[in-house]
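Engineer: here is a sequence together with a model predicted from it:
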Amino acid sequence: MYTLGINAVFHDSSACIIKDGELIAAAEDERFTHFKHGKRPIPFSTYELPFHAIDFCLKVAGIHLNDVDHIAYSFDPYEILPKELLDSSSCAVPLFSDQRNFEADLENPWNNLFLTAIINAENHLVDGYPHHLQKRFYKADKRNWKWHFVNHHLAHAASAFLPSPFSKAAILTLDGRGENCSTTYSVGLDNDIKKIAEVKLPHSLGLLYEKVTTYLGFLHSSDEYKVMALASYGKPEFIKDFREIIQYSGNGQYQIADERLEERFGPARLRGDDFTSHHFDIARSLQYVLEETVLEICDWLYDITGEENLCIAGGVGLNCVLNARIRDKSPFKNVWVQPAAGDSGTALGAALWIDAQLRETKDKDFVMEHVYWGPDYSDNEIEAFLKKSKIPYHQMNNVAEETASLLAENKIIGWFQGKMEYGPRSLGSRSILASPIDPKMQSLLNIVKDREDFRPVAPVVLEEDAHEWFENAGNSPFMLFIYNVVKDREHLIPAVKHIDGTARVQTINEEQHPLYYQLIKAFKEKTGVPVLVNTSFNTLGKPIVCSPRDAIECFWTSPFDALVIGSFLIRKDYGNKNFSSYTNIQETQSIEALHNSVN
């Protein structure tokens, strides 16, 4: 039985395909369309479906859309559909939007447009696909499958629990919004999930975080992680204000009071304005009270469920600082966070939920031990593209060994290997890698990627060595928790230590990604350090690269030193003997020159 999962409501449009309980493929649409997050979360974008991600999933499964048995869409419009629309064949949509906040006000008249596009999503799927993708959509017929609308927060909860390593657990979803709630509390047992409570809209920790993101000059529903990073530089000077805004009333319930951010904190920062300690302190205070509130929620959830395991999803679940506080300070013994905790993961959750319900299986079929579910490319495909593009390259005999030598020479490497990651993190398939030994590497990488200078870079470490370099570090393959850097090792890996002494760690073992593991092991043999800097293979405002073309374009338009793509090495030092016969390589500013320019 094939079940296609689709997320297309707000942002991070995505798709996955499940066969009899097993995940076959999953990807975000942004990786194919090059539009970050797929689309903006506005009412009239709801009709946009992740056709490219769906096409990829069908291709991996080797099927046409007509071969799918069930389609699970991660939002149920009928839960909030006004009765007058339900009883009518038409609805009124205003010519102009009013001034109310759509995301916080379900009575907004543009909700009609939002809901009708969702209700008709199945029709869009049948006849709205791009022409170049017609092979797997042409003559699609709705009679061949059954369509399911799945509650948005149930999809989040299912994405957290069903692929987790636990047979029973408490489930916490913290999101911006779903149909009519922002937070849910559930219990999972085998393949079943029971909701026990929820927090109704407009009260939402996720939407509050979005509003502060906008206030601080970033793009909401996109840049919240930058606020988390900014918080490390500040002091919690505005705890009183945020405690007035976030009012926890017990039993998992909270209210969000009128924020009045400009009245409280002064004029909003505009994009491009300098950051001040005032901005740092606002971000820190928000983070502090968020953590404080969620820990109180976790205490209540533990008491009411009696479970020792906790599963987390929803966009707030991507806050790795919060996750670490839950791990360290909550009563739960084990915490598992869905690596695609944001809305992209709801495609997986919706599909797994429908699959489990229809097959009526008690035992869980699938544990998500890695995130490598996207497109991959063979050496033959990569070499054909390089030749067609007339790009000089060298084929390596030992990829791990030769790449480790470059990294030991302080080169910055684009790393393109195997199946692309599902979720927002680059975890060794589409990564930019560098040595953590040089204290200037963090600043250098932010220049290379055109990022804000306060942004940290993350480490990847051999799983068996993690505890020697990061305090109490265990298995952490998804880069969703922070750990303190071991004091007597700080001087050896200064590039990955954030200002607060922590690092957002990824651990890797050989089973998860053999070549990635072998590379880090080879680097350890050369330097004594089993750690690399791992940051996403993209530049500011762009999604992570997906295809060889994406990787080549990003590489040649950014000041990396080299690209390791499959077994092929491409370098920019055009005087290299391997490239002497090529005349089309233009001189770019060297990494050494950039390095010397960093203060």
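Structural biologist: Great, that's in hand.
Engineer: phi, psi of the residue nearest the centre of the chain?
Structural biologist: Central residue of the chain (C-alpha atoms, centre = their mean): Pro424, 2.2 Å from the mean position. The phi and psi values for Pro424, taken as degrees, to the nearest 10, are phi -80, psi -10.
Engineer: pretty sure it is touching Gly345, no?
Structural biologist: No: contact criterion C-beta atoms under 8 Å: Pro424 and Gly345 do not qualify, at 9.7 Å. Using the backbone N, CA and C atoms, a C-beta is placed for each residue, glycine as well.
Engineer: before we move on, back to that, residue contacts, the residue nearest to the centre of the chain?
Structural biologist: Residues near Pro424 by C-beta atoms under 8 Å, 6 or more residues apart in numbering: 12, 318, 340, 342, 344.
Engineer: so can I have CSV of these showing secondary structure, distance to Ala562 and pLDDT?
Structural biologist: Listed next are these as CSV, based on DSSP: H, G, I helix; E, B strand; the rest coil; distance: C-beta to C-beta, whole Å; pLDDT from 0 to 100:
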residue, secondary structure, distance to Ala562, pLDDT
Asp12, coil, 31, 95
Leu318, helix, 30, 96
Ala340, coil, 30, 98
Gly342, coil, 32, 96
Ser344, coil, 30, 97
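Engineer: nearest to Ser547 among those?
Structural biologist: Nearest to Ser547, judged by C-beta to C-beta, of these is Ser344 at 18.6 Å.
Engineer: count residues in the vicinity of that closest one, would you?
Structural biologist: 32 (other C-beta atoms under 10 Å).
Engineer: ok, now which ones touch it?
Structural biologist: 7, 12-14, 28, 422-424.
Engineer: just those residues: which are in strands?
Structural biologist: Among the contacts of Ser344, the members falling in strands (DSSP state E) are 7, 14, 28.
Engineer: roughly how far apart are the first one and Ser429?
Structural biologist: Asn7 is 21 Å from Ser429, where distance means C-beta to C-beta, to the nearest Å.
Engineer: and those two? Which one has more around it.
Structural biologist: Neighbours were counted for Asn7 and for Ser429 using other C-beta under 10 Å; Asn7 has more, 35 against 24.
Engineer: in the sheet, who's paired with the more buried one?
Structural biologist: In this entry, Asn7 is beta-bridged to Ser14, by DSSP bridges.
Engineer: shift numbering so it begins at 7
Structural biologist: Got it, the first residue is 7 from now on, which makes the last one we talked about Asn13.
Engineer: quick check, it in contact with Ala353.
Structural biologist: Yes: taking contacts as C-beta under 8 Å, Asn13 lies within contact range of Ala353: 4.1 Å.
Engineer: show me whatever sits in contact with both of the two.
Structural biologist: Joint contacts of Asn13 and Ala353 (C-beta under 8 Å, 6+ apart) are 20-21, 56, 80, 161.
Engineer: without its sequence neighbours, what residue ends up closest to Pro169?
Structural biologist: Met374 (3.6 Å; C-beta to C-beta, 6 or more residues apart in numbering).
Engineer: could you say which helix or strand contains the one you found?
Structural biologist: Per DSSP states H and E, Met374 falls between elements, in no helix or strand.
Engineer: could I get the phi/psi values of it?
Structural biologist: phi -90, psi 100.
Engineer: alpha carbons of stretch 523-533, as CSV, please.
Structural biologist: Only the C-alpha atoms of stretch 523-533 are listed here, as CSV (Å, rounded to 0.1, in the frame of the first residue of the first chain):
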residue,chain,number,x,y,z
TYR,A,523,32.1,9.1,9.0
GLN,A,524,35.3,8.0,7.2
LEU,A,525,36.1,11.6,6.3
ILE,A,526,36.0,12.8,9.9
LYS,A,527,38.0,9.7,11.1
ALA,A,528,40.6,10.5,8.4
PHE,A,529,40.7,14.1,9.7
LYS,A,530,41.2,12.9,13.2
GLU,A,531,44.1,10.7,12.1
LYS,A,532,45.8,13.8,10.6
THR,A,533,45.0,16.3,13.3
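Engineer: regarding Ser188, what is its secondary structure?
Structural biologist: Assigned state for Ser188: strand (three-state reduction, DSSP: H, G, I helix; E, B strand; the rest coil).
Engineer: er, His130 I mean
Structural biologist: Applying three-state DSSP: His130 is helix.
Engineer: so what pLDDT did the nearest residue to Lys335 once chain neighbours are set aside get?
Structural biologist: Leaving aside its chain neighbours, Lys335 sits nearest to Leu301 (5.6 Å; criterion: C-beta to C-beta, 6+ apart). Looking at Leu301, its pLDDT reads 98.
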